[in-house]
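S.K.: sequence plus predicted model, see below.
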4 protein chains.
Amino acid sequence: MWQVSLPTSASYSTALPVLGLVHGHKKPPLNLPCTARSSMCVSSSQDSEYPTTQYPSLNQSVAAIVFGDGSESRLYPLTKRRSKGAIPIAANYRLIDVVMSNCINSNITKIYALTQFNSTSLNSHLSRAYSGVGLGKDGFVEVIAAYQSPEEKDWFQGTADAVRRCLWVLEEYPVDEFLILPGHHLYNMNYQRLIKAHRSSNADITIAVSSTTIGNHDPGFGFLNINSENQVVEFKERPEREPVDFMAVDSSRKSEDGSTCDLGSMGIYVIKREVMTKLLTECFPKANDFTTEIIPGAISMGMKVRSYLFDGYWEDMNSIKSFYRANMECTKKETSGFNFYDRDSPVYTLPRYLPPTLVTGAHITDSIIGDGCILNSCRIKGSVIGMRTWIGDAAVVEDSMIMGSDVYQGDRRIKEINGMEIPIGIGKSSHIRKAIIDKNARIGKNVKIINKDNVQEGDREAFGYFISEGIVIVLRSAVIPDESII
Amino acid sequence: MWQVSLPTSASYSTALPVLGLVHGHKKPPLNLPCTARSSMCVSSSQDSEYPTTQYPSLNQSVAAIVFGDGSESRLYPLTKRRSKGAIPIAANYRLIDVVMSNCINSNITKIYALTQFNSTSLNSHLSRAYSGVGLGKDGFVEVIAAYQSPEEKDWFQGTADAVRRCLWVLEEYPVDEFLILPGHHLYNMNYQRLIKAHRSSNADITIAVSSTTIGNHDPGFGFLNINSENQVVEFKERPEREPVDFMAVDSSRKSEDGSTCDLGSMGIYVIKREVMTKLLTECFPKANDFTTEIIPGAISMGMKVRSYLFDGYWEDMNSIKSFYRANMECTKKETSGFNFYDRDSPVYTLPRYLPPTLVTGAHITDSIIGDGCILNSCRIKGSVIGMRTWIGDAAVVEDSMIMGSDVYQGDRRIKEINGMEIPIGIGKSSHIRKAIIDKNARIGKNVKIINKDNVQEGDREAFGYFISEGIVIVLRSAVIPDESII
Amino acid sequence: MWQVSLPTSASYSTALPVLGLVHGHKKPPLNLPCTARSSMCVSSSQDSEYPTTQYPSLNQSVAAIVFGDGSESRLYPLTKRRSKGAIPIAANYRLIDVVMSNCINSNITKIYALTQFNSTSLNSHLSRAYSGVGLGKDGFVEVIAAYQSPEEKDWFQGTADAVRRCLWVLEEYPVDEFLILPGHHLYNMNYQRLIKAHRSSNADITIAVSSTTIGNHDPGFGFLNINSENQVVEFKERPEREPVDFMAVDSSRKSEDGSTCDLGSMGIYVIKREVMTKLLTECFPKANDFTTEIIPGAISMGMKVRSYLFDGYWEDMNSIKSFYRANMECTKKETSGFNFYDRDSPVYTLPRYLPPTLVTGAHITDSIIGDGCILNSCRIKGSVIGMRTWIGDAAVVEDSMIMGSDVYQGDRRIKEINGMEIPIGIGKSSHIRKAIIDKNARIGKNVKIINKDNVQEGDREAFGYFISEGIVIVLRSAVIPDESII
Amino acid sequence: MWQVSLPTSASYSTALPVLGLVHGHKKPPLNLPCTARSSMCVSSSQDSEYPTTQYPSLNQSVAAIVFGDGSESRLYPLTKRRSKGAIPIAANYRLIDVVMSNCINSNITKIYALTQFNSTSLNSHLSRAYSGVGLGKDGFVEVIAAYQSPEEKDWFQGTADAVRRCLWVLEEYPVDEFLILPGHHLYNMNYQRLIKAHRSSNADITIAVSSTTIGNHDPGFGFLNINSENQVVEFKERPEREPVDFMAVDSSRKSEDGSTCDLGSMGIYVIKREVMTKLLTECFPKANDFTTEIIPGAISMGMKVRSYLFDGYWEDMNSIKSFYRANMECTKKETSGFNFYDRDSPVYTLPRYLPPTLVTGAHITDSIIGDGCILNSCRIKGSVIGMRTWIGDAAVVEDSMIMGSDVYQGDRRIKEINGMEIPIGIGKSSHIRKAIIDKNARIGKNVKIINKDNVQEGDREAFGYFISEGIVIVLRSAVIPDESII
């Protein structure tokens, strides 16, 4: 009834020891020279236990590996108590929701999130928002927090090390490819197109490159030179020549001599399952990082590494400035930025049942208002107003991002400072301009947060704020007393 | 190991036939005279299988029975496609959420919702919003839709008939009392206090009465006279004398001669389990309704029927006017109405993950704004703006309730009428005053819905609207073409 | 940002009244002659609001409509308190789980279950088992219980009437086809193949026919004659000629003259969305039933009605005998029956966390044992032992189906009958042979349920049992006293 | 409407800096001498922000902190890939389910699980089994995995260090006490009684002590001496004198001179919220462990430390032998061990919908059988047979624990070793005696695992097994070829 006896992969199994412990996953023979070119290096794919063809649909054969965090110091103090992925954006979301939603909307339903740095709120958000929500019958989101084991007493040493140490989990399902995704980027990509390109070129690795990286900024994932066959021939940490004008290059993306250069990598990689195992356990068993070690190594070994051009909006969110800019983009009706209102690509997050926003009397322009705010007679312009934000009478909020609050204030939330009672929110007659107000902060009355001295960088953490690239950031749960001027 | 042999209720069991089918629930002997007074009528409670004392906490021994619907014609056309309980209120909720939340906040976690009339959207809402949400380890919300059975081919004939036919389900758990709750009232009651009063007076039935019913309106649940011991001695369909001034009566609620009269029932009853069974199956096996048959019958039989005064805000929502009024109350900051922002009594509903409300340029006063709206340069005053509402430039919404939309509009949602494309929402330069705009309605450009002829009652259903008590109601999914004036 | 202006279906819209209420779904013009042939009858599909081509994958464009119940008198007394779909089978499941699992395994994730008869336990099971479980981001199971509305005071009058009255719900999503499924059949079908066949033949309706119906039994869905192009040309209630030998017919399924006849319908229909609306609202607005009215009507109108041969195991479960037989098939290791152990087609049901089965000393052959049983020193042969079954020492169970219990017994579950305490389960030294023991039944000690008088049909409901086709059925919650012999 | 202005705790707030960042939780003044006696040390409890009295029910004011793991080397190799809490027990469960179920059954619904060592499968199990399952409206299970932060680059250094570093999360809810629980013990305790005892004695810390620790074994949580007032006066790592005979001591638990000694701690502590903060951040800011540092420190400081005697079954599971013994206890009908069938204290775990166990022909005595097994003609005696176990014809399993399998085997799961195909499970004619077979192991045909040489300790990990205290443990996913004899 249940006993099905299909042909097994004999050639592979004979390599196993006669008697002993067989791991749950395939271990290719160890005597293969790792300097071999691609075709050899992945030759074991022929006798894979799980031939590609038997899996019906695209989505079933790809697992996404999302890196939820990172100790990006340029986002401090937003990352003081949380990882990058957990930073609130666009009034109702956290940064990681964007990548998670890209996966769900692309029908990628096997998602591993690897976390380590300040991961508590991120883990909690992922578990509560994505457990059992719409991932189909074989889908899941599994959060893998860094852990100690008898063999490994240390933390994950980098993205590659993390994947290597979790391979025994990641290989549980017989996927064909892994899709490596940084968890803190803002963009809307249909990963199925990327995977299709990867497969039709029969690449070992496909790297997504963004046209917006050209000449703009360096997101830190390196730059690629490709030849006329779209193969990546060189990897560089920094661009050398003038950036290519993509509009002129057209869809074929070639320069005159048939090659293109200095394409900015997005840190997104599609990697064949067998290639992943090979690279991590045989070729570069000591490498810690994909971007600086594994990918350049694979290229230098001659593997088939292809690029895939993504020409949509993409923001890396690797600094206070880019984070601020991305939020400001959200407030515009006509925007070239990220569209949170696209009904074909909804952005998922933790479900809520907050009361509606109550407005006593507000003049609001070009702003987004999160759920459950209480807005008294105030003026809001070009701002992001996060969930449960309270704004007092005669307050003015301009070009700012207010993250909102985790709770409705009440007796037990009011703090008294030198006789002043300061509730969570923006006090009466206060004025906020070009600032980021983190969660649960308490801004008193007649406060001015306008960066009056036009400071570019400043650490006033003891006083509850921080200035970075000219933007004032009021810290989480900070208290700014009445009449303060910043 | 598992076989526990506790004493059983012998006296009861001997009444059973020697051989045969024993129902899962207790059937009291049928030869008891039903004209017996209270003490006899419920004498079987002594040998109850489930003695009260063994149940640790209040909440475990009460099951709520919520009547989700009703064909209240005075709420038409809001009830055209939905039952009362499913009518949207306060931008983010449906009417039944209030009673459900009262239960959850009162730690009543065994909830049966009986539905029959236009029940599809209500059933769907209840299943999705309350399945497995925070009801503790023995809690549940079970929707019991009207059904046919071999013995009963007909619909539920009334509240009492519905409970009688579902007794076999309702008796599954050994609760001590049933709490009967209409599903369409707006109020915040801690039911535990009601139950405590019921128990301390050792009543058979306790009826909640509202101080707001005095002299105000007739919610249709009848009026009670009570004696000096707070026992209900008379039940009347209409009040006879002047209403009592409750402020003068004080907490003892007595009039000069020691009795109080004409207290308006809220239709909320706590009924002992055995009394319920007795009344429905023995005393009044043909009675269909609690309010007009079972309760007066129990009083006339001499059962211990007590009243419990509730003096909080209570709105019955049994007419377009009261529905409109209750919504208008929600828009006020200082209100004597229902408080949706009470952190100790949150209102639950279907969780959502809508994008934040996008405001291009709005002047908003005394209004509540639901999740995910898109508000262009408009003016909103004293209004309820439901989820996903779209409002065009230069539109004015005053003293109105906009229910919002189930979906974001897009190509497939735009209807073309005589060459006009009218999206869901309120079109450019339109003016809405003192109106209810039902879900998914499409109001064109330069439309005026201001009841210009001051009509009090009018059925223009073919044209997409209805006027009741001077309030214009635009129907669900109706289209009001550009330049229309209503 | 959000305002997308796609071309709309002008030709359709002009048919709408100038001013008035537009329903959420398409209403084809009413003046089309209903006697028109297929091509005309569905001509309105051209201007469908939702062209087929824009929907990416098969599963998104089909909605299943499962008929959860039915008052099949031949399954009485199993349907005394429950609908067909809620009958327990195979120790751990309910009948409807099979069809629901077929849907999920076929990636049909929009499922409407229409219920009316004895629907309480079915509705509860569906809500608890399938709400939010693995149905992907746009998937859902929506139970639509029969309801009253202002226009329709009556119950659903048949399958077609039910669908007609729910069309406003069913048309909410822009599916291309509806898949009509009886909810009480036992079979494993990949519906995607059926839908593919339907589409490639461009049929209006495709009817699944079963090879096992040939000559075997009459499942009550009628018989079809098809012509050489596989088109259904005739529909009959009863077969006329000798059944075709399918083995000889081969895959082309033609007889010598190019036609095949008397194929037994499975009651499974794929119907184009527009055709469904047309048939129910225009062509046959009074028809109540698909099998006897709508389908024959569509054939007689000349619509393109095709057949699709299903040659797997299929059991209709329309009698006690077929229900018993199907359960007995489950106990066999090598079976031609339904395979509950197929890892590619798992059967879903209400999740449980019961303790393991505790066996004191049992000799068990060819049987299946549900979760959480307690089996003392007993002998079990060829039987289905349902969840939480308790079997006493020296008991013998042969060729029987024990449905098990909803609860672990304990004090409050023990009934005393004439001084006998009889717990739920099979008492000491009792002997059960060829019987069905419904849920929560209490079989005393030294009971023999062996149909000693070889009765074929007998109604002993007052004594707790029933005999049908020679099989003894002990009723739900019945008590069979010690020493009884049946 | 929403703005409630209750009196705030002025005395506390004045201690805060005039301007600066206020943490979300209370920070007592830093100049208090830490050598102070109890009354001083916790004096700050008077001005607690969250006075005890305002919280209605017991359960709302306690948060449990469960330590999910530990690198207990004596349980190796069961902890090779998983933490202690994730070890399968009793066929259907994991070890941590017992403590989690104790919490749920005791109405403790705020549960933090702190994990670090081999935590992947434990985190996954906790998230999937307990997210949103029956924890009431304010309940939650939050898994806090070890994480790096800007201030702390290192792992949790012990239980106390872990709690200290998570205090910012743990203090989010205004609980009165923390309940510290090791996650790998087997016992059934109503924690409410423990908490009640703690409160009525107004203790700072209450330590649960087990009567079964007396003279039996040393679970590693230390031994206590108490005075005649039940106060703990001394803490020792090892017992010194003869254990007290508890039966003789009676309920007052006093010895002749009024004191009792050498009570074995269970590692379960109730600690007042303020005391916890005080101890971890002020008194012993460098202490890593509760058992060896914090608790003895608190005693030596003169804090009110009480003991609470628990006299039920308690098994520490800190060695292969105790783990094996506890499992063997589960197979007995009459047991003094843990009762998995107690309907008042159900054990929760990950819900499943496995098919019923299929038995071809088995003779089973005193065993428990998990869900979804396939048992051919075999003999099973005194054993635990885990979920999805497959046992071949003529196999014999005695006094063993088979953990079962994560998947149903099929083609892709069969391994071929030297030409032998060995499916997951116990092969034909094999004989297992006094062994633990870990998950997914493949035992070939005619294998004997009987510890024929009566080895007490042996590491044969390369060959797929391990011997500890005379018990053979076959490793997870190990393959034992046909004809092997161990």
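M.R.: Structure's in. What do you need?
S.K.: how about the residues of the stretch 151-300 of chain A by chain C?
M.R.: Among all residues of the stretch 151-300 of chain A, none is adjacent to chain C (criterion: Cβ under 8 Å from any Cβ of the partner chain). Bear in mind the C-beta positions are built from the backbone N, C-alpha and C, glycine included.
S.K.: ranges for the helices of the stretch 151-300 of chain A?
M.R.: Using DSSP state H, counting those that start in this stretch, the helices of the stretch 151-300 of chain A run over residues A:159-170, A:191-200, A:246-249, A:273-278, A:295-300.
S.K.: where does the stretch 151-300 of chain A dip in pLDDT?
M.R.: Applying pLDDT under 70 to the stretch 151-300 of chain A flags residues A:212-219, A:238-261.
S.K.: one more pass at 80, please.
M.R.: Counting by pLDDT under 80, the low-confidence segments of the stretch 151-300 of chain A come to A:151, A:211-221, A:228-230, A:236-262.
S.K.: for chain D, what is the nearest residue in it?
M.R.: Ranking the residues of the stretch 151-300 of chain A by distance to chain D (Cβ to the nearest Cβ) places A:V169 first, at 5.8 Å.
S.K.: likewise for the stretch 251-400 of chain A?
M.R.: A:I374 (6.5 Å).
S.K.: can you give the domain ranges for chain A?
M.R.: A:4-325, A:354-480 (automatic domain parsing).
S.K.: right, and the residue of the stretch 151-300 of chain A closest to chain D touches D:T120 too?
M.R.: Yes - in this structure, A:V169 is within contact of D:T120 by Cβ atoms under 8 Å, at 5.8 Å.
S.K.: overlap of the contact sets of these two?
M.R.: Shared contacts of A:V169 and D:T120, defined by Cβ atoms under 8 Å, 6 or more residues apart in numbering or on different chains, comprise A:I144.
S.K.: between those two, which has more neighbouring residues?
M.R.: Neighbours around A:V169 and D:T120, counted as other Cβ atoms under 10 Å in any protein chain shown, are more numerous at D:T120. The numbers are 24 against 18.
S.K.: can you report phi and psi for that one?
M.R.: phi -60, psi -50 (degrees, to the nearest 10).
S.K.: how about a markdown table for the domains of chain A, with distance to D:P346 added?
M.R.: Formatted as a markdown table, the entries for those read as follows, by distance: least, Cβ to Cβ, whole Å:
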| stretch | distance to D:P346 |
| --- | --- |
| domain A:4-325 | 22 |
| domain A:354-480 | 33 |
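S.K.: most tightly surrounded among those?
M.R.: With neighbours taken as mean count of other Cβ atoms under 10 Å in any protein chain shown, the domains of chain A reach their highest mean count in domain A:354-480, at a mean of 22.
S.K.: what about that domain and chain B, touching?
M.R.: Yes - looking at domain A:354-480 against chain B by Cβ under 8 Å from any Cβ, the contacts come from A:354-371, A:374-376, A:380, A:384-385, A:407-408, A:410.
S.K.: chain center to stretch A:147-155: distance?
M.R.: Relative to its parent chain, stretch A:147-155 has a centroid offset of 25 Å by Cα atoms, centre = their mean, to the nearest Å.
S.K.: now do the end-to-end distance for it.
M.R.: 7 Å (Cα to Cα, to the nearest Å).
S.K.: can you give me the angle the strand or helix carrying A:A113 makes with helix A:159-170?
M.R.: Using DSSP states H and E, A:A113 falls within strand A:110-115. Using axes from the mean of the first three to the mean of the last three Cα atoms, to 10 degrees, the inter-axis angle of strand A:110-115 relative to helix A:159-170 is 130 degrees.
S.K.: quick one: A:V472 from B:R81, how far?
M.R.: The span separating A:V472 from B:R81 equals 51 Å under the rule Cβ to Cβ, to the nearest Å.
S.K.: and A:V397, what does it touch?
M.R.: For A:V397, the contact set (Cβ under 8 Å, 6+ apart) comprises A:378-381, A:383, A:385, A:391, A:426, A:432.
S.K.: same check, this time on A:F290
M.R.: A:158-160, A:163, A:180, A:267, A:269.
S.K.: contact partners for the residue of the stretch 51-200 of chain A found nearest chain B?
M.R.: Closest to chain B within the stretch 51-200 of chain A is A:A91: 3.7 Å, counting by Cβ to the nearest Cβ. Counting by Cβ under 8 Å, 6+ apart, A:A91 touches A:330, A:368-370, A:384-387, A:404, B:356.
S.K.: please tell me how far it sits from A:T357.
M.R.: A:A91 sits 10 Å away from A:T357, going by Cβ to Cβ.
S.K.: overlap in contacts of those two?
M.R.: In the contact map built from Cβ under 8 Å, 6+ apart, the residues linked to both A:A91 and A:T357 are A:369-370.
S.K.: format the helices of the stretch 151-300 of chain A as TSV; extra columns: distance to B:Q231.
M.R.: Shown next, in TSV, are those (distance: least, Cβ to Cβ, whole Å):
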stretch	distance to B:Q231
helix A:159-170	68
helix A:191-200	71
helix A:246-249	86
helix A:273-278	77
helix A:295-300	84
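S.K.: can you tell me the helix or strand for the nearest residue to A:R82 once chain neighbours are set aside?
M.R.: Distances taken as Cβ to Cβ, 6 or more residues apart in numbering or on different chains place A:S121 nearest to A:R82, at 4.8 Å, with adjacent residues excluded. Secondary-structure element containing A:S121, defined by DSSP H and E: helix A:120-130.
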